[in-house]
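Peer 1: coords please:
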Amino acid sequence: MAKCKHKNIVLKRICIFFLGVVIGLVAGHRYGIAKAKERFHDRLMKQAEKPAFKRQRNKAPEPRGETFFQKKKRVPR
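Peer 2: Next up, the predicted model:
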């Protein structure tokens, strides 16, 4: 009688299936972590663009006519 080779093939296919599922889950988990980090970083950058105090939000900075050193030389008190 000839031995049946199909048992090994089925076992190999089952192992490959579960290995693929595990690899897919790990890759998806890492992708999710990377997306979460990116969203967190974007949120921090958006928050950093806002002024720290509420008074300064709608206020434009006043232009300077002279530099700090010119101002320092001018006031000899």
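Peer 1: Which residue ranges of the chain form helices?
Peer 2: Ranges of helices within the chain are 6-49, 68-74, based on DSSP state H.
Peer 1: rank the ones you listed by pLDDT, which is bottom?
Peer 2: The weakest mean pLDDT among the helices of the chain belongs to helix 68-74, with a mean of 66.
Peer 1: give me the number of residues near residue 28?
Peer 2: Close neighbours of residue 28, defined as other CB atoms under 10 Å, add up to 10. Heads up, the C-betas are built off the backbone N, CA and C, glycines and all.
Peer 1: How many neighbouring residues does residue 29 have?
Peer 2: 10.
Peer 1: For it, give its distance to residue 43.
Peer 2: In this view, residue 29 and residue 43 are 21 Å apart by CB to CB, to the nearest Å.
Peer 1: could the helices of the chain be laid out in a markdown table, adding distance to residue 62?
Peer 2: Putting these into a markdown table (distance: least, CB to CB, whole Å) gives the following:
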| stretch | distance to residue 62 |
| --- | --- |
| helix 6-49 | 20 |
| helix 68-74 | 14 |
